[in-house]
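I would like the atomic coordinates for the input below:
(one chain, ligands or ions: 1)
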Amino acid sequence: MAYNPKTNKGLGDLFTSKSRCMVKREWKGFKDTFYDFGRWLKCYGFMLIKLGGHPILLIKAMLRYRWMISYLTAANMIDRHTIGLRGKELRYVHEELFALVHNATINVKKILERDEHLRPNSKKAKRLRENTVMFDEMTPKNIMWGFPTLDWMDVAMMSIGMPGEVDQQANVYYIDKIEEFGMAADVCPLPAAECGAAVVNDVPILGKTYITSTMPCDGSIGQTTFMGRYFKNVPIYQVRPPQRFNEPEVQEYAVKNLEGAIKFIEDNYNVKWNWDAFWKNAKDYNKSTQAVIDKWDINTTDYPQICGGALSLTREYEFQGAGMMDPYLYKTQLKTTKMAKKGYEEDKAKGVKNYRHRAIVWACPAHYYTNFTYWADQTWGVKTLVDMECMLSYHMYKIGDEKQAMIDMASSYERMMMRSHTNGGYVNSLDELWKMVKKFNADIVIMYDHVSCKNVGCLHGLYEDQAREHGVHMIWVPHDLMDPRTVSRVAMRDAFNKYMTNVFREEPIDPTFVEYEDPLTW
Ligand code: SF4
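Residues are numbered from 1 along each chain as shown. Below is the predicted model:
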């Protein structure tokens, strides 16, 4: 426990309203503080080794792209997720989050090597671009499993998605820019920020084609249009997944569309689809997905292990950001599952239950507050067992069946972030929630109320009614995904605090952490 009742000191004392980072390090005992410091060195040491070879380009990139600076605060993001943790829980989170730092650093290096804005006259950069496919965030990068000689980059995740999760201020400038340009202020800040980055010419140009998608929400449709104009001389292919995917008939349409994407790549890069490479990646995908399911299974028991953001962020970036092709993320997924199994056996043997409530997270979480669930755990003993954000793409591939492979790929990306649980309709959004509540034996649903997401907003009343019927506490936590000015972190905590105090009538575990000021922090 981080709170000391004798001194009345706790985690809230690490923050002040005037500071961007914590004002002091948390003392976790010699062993854990030393371990924490070692991981801090590892984080920046790795970034230095990988990026230090390009010092001039790196400075140029930081001057050219304001989102690039946010990556420098990576260690602070890890600190936010490990605050108050000790022992094996601390190690789980460090292992998981370092895999994200690893992936992002490799991608930043790839940006430095090939971006047209940074290296307009470099022949080497041009050669790399000629061999690279650019992707939007909500697209099936798994398609690149069959093209081992090509490279690919997710332009939206690297310039908007990830910086917004590392640094709460990262997307604000771009949201303002697109609103000045005329976009309505009630559009979801995720697509709005991506459009804003395009409008101020801050999206890197990393390849010679662009694969985009369709999201059935106003903002994302706008984003596709803006990005299409931005990449004006770049051939574009749109992947259009069906939203109501439970009926098998729709897969015929989805497969046709995916085959069109394969042909688009073959034609533009003069390459052929390679089944051997595809199956190798599909096998790794199956193994990694099984590892994630094993972690969920552990968390359905009385002895949950890897919880909150560490569970969800790794899966999010492994699938969405890395297309399941990052060997380091793959190894980490297997390694942490092994650690979790060992931790489960230890806790079961000792009967350790270090929580008051069992929660699951539903609906889109705030990008600018990915550590909210750790705060809820440290302050109120609410352990988040699973997060909707990590419940993506748990569909397995049938290895060796070429006809089924395309259906499996379609089924996999139909279950990606925001598709099934946000836009997938009543069955995938509501019915699925109650199944998960039962499976994880949760008494609380932390319901993220994204104020700009009309899809979930229209189901608000139904969620409320059904929560009462199921006898589950549904705590609505408002946020605006990437704009902390609309709903601040303080306001998010306030909504949760009110429920814990007024409905549960509970006392906090750490009173210093109930309310504190962090509007300036990354
Ligand atoms: S959070 Fe909602 S509004 Fe925003 S991009 Fe996703 S589905 Fe669209």
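
So for the longest helix seen in the chain, what gets flagged as buried?
In the chain, with assignment by DSSP state H, the single longest helix is helix 87-114. By neighbour count with 16 or more other CB atoms under 10 Å, helix 87-114 contains the buried residues 88-105, 107-114. Using the backbone N, CA and C atoms, a C-beta is placed for each residue, glycine as well.

ditto for stretch 143-150
Buried residues in stretch 143-150, counted by 16+ other CB under 10 Å: 143-147, 150.

follow-up on the earlier one: filter the buried residues of helix 87-114 down to the ones near the ligand?
Among the buried residues of helix 87-114, no residue lies close to the ligand (CB under 6 Å from any ligand atom).

Stretch 379-397 and the ligand, are they touching?
No - applying CB under 6 Å from any ligand atom, one finds stretch 379-397 separated from the ligand by no less than 11.0 Å.

Run a quick neighbour tally on the closest residue to the ligand within the stretch 351-500 of the chain.
Nearest residue of the stretch 351-500 of the chain to the ligand: Cys453, at 3.2 Å (CB to the nearest ligand atom). Residues near Cys453, counting by other CB atoms under 10 Å, number 22.

Run through the residues of this structure sitting next to the ligand.
Taking CB under 6 Å from any ligand atom, the part of the chain that reaches the ligand is made up of 188, 190-191, 215, 217, 219-220, 364, 418, 422-423, 450, 452-453, 455, 481.

Which of those residues has the largest number of neighbours?
Of the residues of the chain next to the ligand, with other CB under 10 Å as the count, Leu190 tops at 31 neighbours.

who touches that one in this structure?
Contacts of Leu190 were listed using CB atoms under 8 Å, 6 or more residues apart in numbering, and they are 160-161, 219-220, 367, 481-482.

Kindly report the same for Phe37.
Contact partners of Phe37, counting by CB under 8 Å, 6+ apart, are absent.

any chance of the buried residues of stretch 143-150 in TSV, with distance to Lys28 and secondary structure too?
Rendered in TSV, the data for the buried residues of stretch 143-150 read as follows (distance: CB to CB, whole Å; DSSP: H, G, I helix; E, B strand; the rest coil):
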residue	distance to Lys28	secondary structure
Ile143	44	helix
Met144	41	helix
Trp145	41	helix
Gly146	46	helix
Phe147	46	coil
Leu150	45	coil
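
and which of these is nearest Trp67?
Distances from Trp67 to those, taken as CB to CB, are shortest for Met144 (23.7 Å).

Helices along the stretch 201-350 of the chain, start to end?
Assigned by DSSP state H, counting those that start in this stretch, the helices in the stretch 201-350 of the chain fall at 218-230, 250-269, 275-300, 308-316, 327-350.

do the same with the stretch 401-522 of the chain
If DSSP H, counting those that start in this stretch is used as the criterion, the helices of the stretch 401-522 of the chain fall at 402-414, 420-423, 425-426, 432-439, 454-457, 460-470, 489-502.

Give me the buried positions along the first one.
I take that to be helix 402-414. Of all the residues in helix 402-414, those buried under the rule 16+ other CB under 10 Å are 405-414.

any weak-confidence spans in this structure?
Along the chain, segments meeting pLDDT under 70 span 1, 215-216.

50 instead?
For the chain, no stretch has pLDDT under 50.

For Ser17, which non-adjacent residue is spatially closest?
Nearest residue to Ser17 in three dimensions, chain neighbours excluded: Glu517, at 3.4 Å (CB to CB, 6 or more residues apart in numbering).

how deep is the one you found tucked in, by neighbour count?
Applying other CB under 10 Å, we find 15 other residues in the vicinity of Glu517.

these two touch, right, it and Phe15?
Yes - judged on CB atoms under 8 Å, Glu517 makes contact with Phe15 at a distance of 6.4 Å.

re earlier: for the helices of the stretch 201-350 of the chain, which one sits closest to Val382?
helix 308-316 (10.0 Å).

what's the angle from that closest one to helix 87-114?
Using axes from the mean of the first three to the mean of the last three CA atoms, to 10 degrees, the inter-axis angle of helix 308-316 relative to helix 87-114 is 40 degrees.

now stretch 176-193: how far from the chain's centre is it?
Its chain's C-alpha centre and that of stretch 176-193 lie 21 Å apart, by CA atoms, centre = their mean, to the nearest Å.

So for it, what gets flagged as buried?
When neighbours are counted by 16+ other CB under 10 Å, the buried residues of stretch 176-193 are found to be 176-179, 183, 187-193.

and if you look at stretch 25-39?
26, 28, 32, 35-36, 39.

repeat for stretch 44-60
Applying a neighbour-count criterion of 16+ other CB under 10 Å, the buried positions in stretch 44-60 are 46-47, 51, 54, 57-58, 60.

circling back to that earlier point, most packed of the helices of the stretch 401-522 of the chain?
Stretch with highest mean neighbour count among the helices of the stretch 401-522 of the chain: helix 420-423 (a mean of 22; mean count of other CB atoms under 10 Å).

Other residues contacting stretch 331-340?
88, 91-92, 95-96, 98-99, 287-288, 291-292, 294-295, 298, 305-306, 314, 318.

now the longest helix of the chain and helix 327-350, what's the angle there?
Relative orientation of helix 87-114 and helix 327-350, computed by the same axes, to 10 degrees: 170 degrees.

other SSEs contacting helix 87-114?
helix 30-51, helix 55-64, helix 74-82, helix 123-130, strand 151-154, helix 308-316, helix 327-350 (3 or more CB pairs under 8 Å, 6 or more residues apart in numbering; DSSP states H and E).

Quick one: list the elements packing against whatever helix or strand comes next after the shortest one.
Right, strand 151-154. Sequence-wise, the next helix or strand downstream of strand 151-154 (DSSP states H and E) is helix 155-156. The contact analysis (3+ CB pairs under 8 Å, 6+ apart) places helix 155-156 against strand 132-135.

If you drop the residues flanking it in sequence, what lies closest to Thr521?
Beyond its immediate neighbours in the sequence, the residue positioned closest to Thr521 (CB to CB, 6+ apart) is Arg20, lying 5.7 Å away.

Tell me if I'm right that the one you found and Gln169 touch.
No - the pair formed by Arg20 and Gln169 falls short of the contact definition of CB under 8 Å, at 9.2 Å.

that older thread, please list all residues in contact with the residue nearest to Thr521.
Contact analysis of Arg20 by CB under 8 Å, 6+ apart lists 520-522.

can we see that at 10 Å?
Counting by CB atoms under 10 Å, 6 or more residues apart in numbering, Arg20 makes contact with 73, 76, 167, 169, 518, 520-522.

List only buried entries from those.
When neighbours are counted using 16+ other CB under 10 Å, the contacts of Arg20 contain these buried positions: 73, 76, 167, 169, 518, 521-522.

returning to that earlier point: and the residue nearest to Ser17, how close does it get to the ligand?
As for Glu517, its distance to the ligand is 27 Å (criterion: CB to the nearest ligand atom, to the nearest Å).

Surely that residue touches Arg489?
Yes - A contact is recorded between Glu517 and Arg489 when judged using CB atoms under 10 Å, the distance being 9.4 Å.

Ile306 and His94 touch, don't they?
No - the pair Ile306 and His94 fails to qualify as a contact (CB under 10 Å) at a distance of 11.5 Å.
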